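Chemist: Here is my input; please provide its structure:
(2 chains)
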There are 2 protein chains.
Amino acid sequence: MSSSEVIDSVPETTDDELNRILSGAAEAAGPFGALPPKTRAAHLVAVADALHAHDDELVELAIAESGLPDARLRGELNRTAVQLRLFAEVLARGAYLDVVLDAADPDFAIGPRPDLRRVKLPIGPVLVYAASNFPFAFSVIGGDSASALAAGCPVVLKSHPGHPRLSARTGQVVADALRTAGAPDGVFAVIHGDRQGVDALRDERIAAAAFTGSVAGGRALFDIAAARPRPIPFFGELGSNNPVFVTPGAVRARGAEIARGYVESFTLGVGQFCTKPGLLFLPADHGLEDALVEAVRAVPGARMLTEKVSRGYGSRHDAILAAAGVRTLVDGGDPDGLAAAPTLAATDSGTLLDRGADLLDEAFGPLSIVVGYDKVDELPVLAAALEPSLTATVHLDADDPADTESARPLVTRLAEQAGRVLFNGWPTGVAVTPAMHHGGPYPSTTAPLHTSVGSRAIDRFLRPVVFQNAPAALLPDALRDDNPLGLPRETNPAGESRTWGS
Amino acid sequence: MSSSEVIDSVPETTDDELNRILSGAAEAAGPFGALPPKTRAAHLVAVADALHAHDDELVELAIAESGLPDARLRGELNRTAVQLRLFAEVLARGAYLDVVLDAADPDFAIGPRPDLRRVKLPIGPVLVYAASNFPFAFSVIGGDSASALAAGCPVVLKSHPGHPRLSARTGQVVADALRTAGAPDGVFAVIHGDRQGVDALRDERIAAAAFTGSVAGGRALFDIAAARPRPIPFFGELGSNNPVFVTPGAVRARGAEIARGYVESFTLGVGQFCTKPGLLFLPADHGLEDALVEAVRAVPGARMLTEKVSRGYGSRHDAILAAAGVRTLVDGGDPDGLAAAPTLAATDSGTLLDRGADLLDEAFGPLSIVVGYDKVDELPVLAAALEPSLTATVHLDADDPADTESARPLVTRLAEQAGRVLFNGWPTGVAVTPAMHHGGPYPSTTAPLHTSVGSRAIDRFLRPVVFQNAPAALLPDALRDDNPLGLPRETNPAGESRTWGS
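Modeler: Next comes the predicted model:
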């Protein structure tokens, strides 16, 4: 079955259907958002259970449409279910509501303070664009959908054309599980078609959107969201070159291991990870070229996700290898249909700076560039010339204090332009945990204050509201004196302003 | 001295000067952001002290340029200083860094979890646009500047043409206080000129912007921020009609008091508050018309802030009074130069819905509209027809459970479209406190997740970064095992994922 046949197998959403779905989401927003957090937690656990109950069927569909291997897809399905359970835990803890209670204070420093009680409420229906590269974890019920549902927002999921039947079927499994668990009708629906995805983004019933994909596609949607009569938050995770910097000490301590790890990381998933390392900075005299070449040659060609992705990759592959000052270490060639073998190029830091975007723009696929540098002092300057990214990695010799210390200016610089700075590891593989941050300044995301992975991803879909001098009978449960939801709350007693700044 | 002479009295910033200021801010960002929070807290307190030390001089300048009365301006200066002390307190507490520490966990549910340590870092230089209506509290060192400096971001302040000399002088006082307190050079500067304000917004050295002002002006700047090659967060606080809903029970319990309070609130500061109540919903048979008219007639005319504001107000005044179905209760007339007397109009709920934006768009000045309604059940529908706003107010009889209960559907609706829902009070006057939320969906702001007043305003200028498996020597102080800054931190031990969703 060719890729285009797969795409044709699920019909585009009709305009009537889209209108019905958007109205359903708008109508569900109030009742769903008003549920106690622990009730929505139970809904998320029910969805996680349903994914596992249908794992064989879903993985089979995913293999057919994405070409990804069985073990990878089973691991990803498990990750997706764990992600739902993580957000159930976030709801059970309740800290995400960030409740703050200011007691009325007649002696407040700028005049009498009223009773103020602040909580976060769901922002409203969220439009989520599924990604191509993770058919489960960043797709129908991936991190964006899970965090939006956790926040109490209905989700309209725009499927990715790379796995339409899987999207439709996963959508049914999710919607059935939510309905059986007692969630309101209209809380979750899948739509198909690029035009439909744009129409939904322009619709007043959508209050926020989330996206994982390319810079070009994400920017086009961001621009539409910003140009609406009422602009809405657009949380796009776009492109990232994920540079890796290796100190001379790290080369001495474990050069061969670094060469193997790097090749494994940039070829993982045929190079189609948001966190694929696109640049490896090595001392010019690194002596690892043979090890790198050997490791790359050992990686077999494999199927890329979609024809669009493979065409885009072929074009970047050709442009990078043709750039002046770039040497080809291993040429995996242009993709043959969907099949691509890894390519490794090399250049020096001067050329990298001179060529700019020609070399620095992401190549989404199994290609990476080794960049030779002269001195560690040069690395912060090189880092500053790169685009901001989701991750930046430093390999150093942690047993050598001088080598570790030499990386300090580089690390300071990387923290300014990456969302995750990691040491002696590889950026592919993003843990789904409370402390994770998967984000960064543009172009890595369109919303540098927020993460799309981990507990804090829920913050994207919540807006604060403060109740002032509300009668007890009209306070939301989260704000009542007797705290029936058992939430952690910040309380500020009368008189505290007298101590500020003293 | 005419307004235009005042405007001419401070020269526009030259291109060279602007470039120097932006470079200074970019260079200061690293050192300033790296200071311990308590050191920046001391800087803010020094600025607060300097405002008080120069209060007579600054208030005199403010009176000359804004025409606002002495007592109001002294109160506002005090509020501005208290606001700086509030952020010093936020820094001293340290919770704003939202530190999360995940211990490495070999048994994590989706495979071994690395050691992850998350903290927030300053986003970089912030461009702040001063407002016309609060020469201190929303101007040079108002809430936006104070929260950006607290976050560790250098501030480039674009002065408002309504009070240029005050802006220049306040800028000197602030910059001197910061320098004397030991802050890096370049951390704070004032620029003058609308074109210069736009040039700065387009400059790559600016990482975020904050604005308080009109929908038209704020939207134009938001569009520029979004259209940059690298878009940046734009925190605009724009327009709001701040509706007030009065139940029949409230009219019975204290109708005359409500009439007086409403008139006082909508005429406060010549109607030039962001939170001015623009609509008062009363039962059609309220019987308060004489009391309202009498209260409005008792308010003398007063000077508006600038010629631009008074012209804009005159235009809205004429349009509203000319609208079909609108009765004039008191006509204060168009402004005579800068002087304006209050106007009160009346209509019914059907006309309000029919006329839409003609009546619902904000009139920035001393005009408000009384809207008669038939039944309390009608109020949620009326509320839904309004634009989102910063505040929404409900007056009810809290001693009457049936009257209180009748407002429940209205309150639910208002919480969906306003940032602050207040009861039996008036929206003008925004407390500067930990629980305050001064924000709301568009058009009240361009960033509904955030507040421009209160402790949480600092969140706008911080972006998360996670350190993965970092050597102890390279961890920021906030993330070290021994917690030298004494921060509150969330810690997640190994093994916790086994309990999620169970």
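Chemist: Buried residues of the host helix or strand of A:Ser167, list them for me.
Modeler: Using DSSP states H and E, A:Ser167 falls within helix A:164-181. Buried residues in helix A:164-181, defined by neighbour count with 16 or more other CB atoms under 10 Å in any protein chain shown: A:164-171, A:173-175, A:177-178, A:181. (Each C-beta comes from the backbone N, C-alpha and C, glycine too.)
Chemist: so what's the residue of the stretch 201-350 of chain A found nearest chain B closest to, chain neighbours aside?
Modeler: Per CB to the nearest CB, A:Ala226 is where the stretch 201-350 of chain A lies closest to chain B, at 3.8 Å. In space, and not counting its chain neighbours, A:Ala226 is closest to B:Ala226: 3.8 Å by CB to CB, 6 or more residues apart in numbering or on different chains.
Chemist: ok, the one you found - how many residues close by?
Modeler: Counted by other CB atoms under 10 Å in any protein chain shown, the residues lying close to B:Ala226 total 20.
Chemist: Give me the below-cutoff pLDDT ranges for chain A.
Modeler: Along chain A, segments meeting pLDDT under 70 span A:1-8, A:502.
Chemist: 80 - rerun?
Modeler: A:1-9, A:501-502 (pLDDT under 80).
Chemist: Tell me which residue lies nearest the centroid of it.
Modeler: Central residue of chain A (CA atoms, centre = their mean): A:Ser452, 4.0 Å from the mean position.
Chemist: could you say what helices and strands the helix holding A:Ser167 packs with?
Modeler: helix A:3-8, helix A:37-53, helix A:55-66, strand A:188-191 (3 or more CB pairs under 8 Å, 6 or more residues apart in numbering or on different chains; DSSP states H and E).
Chemist: Among those, which comes closest to chain B?
Modeler: helix A:37-53 (4.3 Å).
Chemist: Mind listing residues that contact that closest one?
Modeler: Contact with helix A:37-53 is made by A:32, A:58, A:77-78, A:80-82, A:84-85, A:87-89, A:91-92, A:94, A:97, A:136, A:141, A:146, A:149-150, A:152, A:170, A:173-174, A:176-178, A:180-183, A:485, B:501, as judged by CB atoms under 8 Å, 6 or more residues apart in numbering or on different chains.
Chemist: if we can go back for a sec, out of the helices and strands packed on helix A:164-181, indicate the one that is most buried.
Modeler: Mean neighbours per residue, mean count of other CB atoms under 10 Å in any protein chain shown, is largest over these for strand A:188-191, with a mean of 25.
Chemist: So what's the residue count around A:Ala385?
Modeler: Counted with other CB under 10 Å, A:Ala385 comes out at 12.
Chemist: near chain B, which residues of the stretch 201-350 of chain A show up?
Modeler: Taking CB under 8 Å from any CB of the partner chain, the part of the stretch 201-350 of chain A that reaches chain B is made up of A:207, A:222-223, A:226-227, A:230-233.
Chemist: Now distance to A:Ala62 and secondary structure too, for those residues, in CSV please.
Modeler: Listed next are those as CSV, based on distance: CB to CB, whole Å; DSSP: H, G, I helix; E, B strand; the rest coil:
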residue, distance to A:Ala62, secondary structure
A:Ala207, 30, coil
A:Phe222, 28, helix
A:Asp223, 32, helix
A:Ala226, 34, helix
A:Ala227, 35, helix
A:Arg230, 37, coil
A:Pro231, 35, coil
A:Ile232, 31, coil
A:Pro233, 30, coil
